[in-house]
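**Student:** after the sequence you'll find the predicted model.
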Amino acid sequence: MAPLVLVWLRPTVYRKKALDKSTNQYCQYDSQVLTMFTSSLYLAALIASVVAAFVTRKLGRKRSMFFGGVLFCVGTAINATAMGVWMLILGRILLGFGIRFSNQSVPLYLSEMAPSEYRGRLNIMFQLSITIDTPNSMIERGQRDEVENQLRRIRGVDDVREEFSDLILASDESKKIENPLRNLRQRKYRPNFAWQF
């Protein structure tokens, strides 16, 4: 099944991908716009890390969390109503700022406001809620038997064989890549790599 974003916003990229019969999952889409779409959230979070610390210090933890929540809600609304790829990128930039503001201020707020007997537990729960194991990470660590059960719980269906097979195949393909950082220096990946800076 084709990703809706490709069919709707980038039909030329989708057609090119459909013609490519390669099983290599690495760098399937040769599109600077899709690269910008993907990386915009992370770049915004990186930039916001400098601003968020200052805002949290000057305006306080509650206002910083509120501001992060507002940015996140606005970014989500823009992404949900996007009429073009520029709206998706704008929405992801706002999401990146919102995520960074929240990740900056929530642990500080919990550390300062929680009763001392609950402080550690609350901070650990916050960390666990944003770093919970995904099926991909479990496969990478060799926990393949547990992945099917987790997929059944997440998806709410019993037949997850197709998705499980896809995850295993993608994991096996990624293990075949030797020296991924050296590969990024190859000429064909330079535009994507340079775009990040």
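**Tutor:** Structure's in. What do you need? Numbers count the residues shown, from 1 in each chain.

**Student:** the protein: helices as residue ranges?
**Tutor:** With DSSP state H as the criterion, the chain has helices at 4-9, 11-19, 32-59, 61-80, 85-113, 116-130, 135-140, 144-155, 161-176, 180-184, 190-195.

**Student:** go ahead and confirm residue 64 touches residue 103.
**Tutor:** No. Counting by CB atoms under 8 Å, residue 64 does not reach residue 103; the two are 10.4 Å apart. Placement of C-beta: from N, CA and C, glycine included.

**Student:** please pull out the lowest mean pLDDT helix or strand from this protein.
**Tutor:** Confidence across the helices and strands of the chain bottoms out at helix 4-9, with a mean of 53, counting by mean pLDDT, DSSP states H and E.

**Student:** ok, now which ones touch residue 59?
**Tutor:** Residues in contact with residue 59 (CB atoms under 8 Å, 6 or more residues apart in numbering) are residue 67.

**Student:** could you shift the numbering so residue one becomes 34, and keep it that way?
**Tutor:** Shifting the count to begin at 34 puts that one at residue 92.

**Student:** which regions of this protein sit below the pLDDT cut-off?
**Tutor:** 34-47, 50-63, 164-165, 213-214, 217, 222-230 (pLDDT under 70).

**Student:** I'd like the distance between residue 66 and residue 117.
**Tutor:** 10 Å (CB to CB, to the nearest Å).

**Student:** the more surrounded of these two?
**Tutor:** residue 66 (15 against 10; other CB atoms under 10 Å).

**Student:** how close does residue 152 get to residue 93?
**Tutor:** 19 Å.

**Student:** what of residue 170?
**Tutor:** In terms of CB to CB, residue 170 sits 35 Å off from residue 93.

**Student:** the nearest residue to residue 114 once chain neighbours are set aside: neighbour count?
**Tutor:** Among residues not flanking residue 114 along the chain, residue 120 sits closest, at 7.5 Å (CB to CB, 6 or more residues apart in numbering). If you count neighbours by other CB under 10 Å, residue 120 ends up with 15.

**Student:** ok, now which ones touch residue 120?
**Tutor:** 111-112, 114.

**Student:** repeat for residue 139
**Tutor:** Contact partners of residue 139, counting by CB under 8 Å, 6+ apart, are 94, 98, 159.
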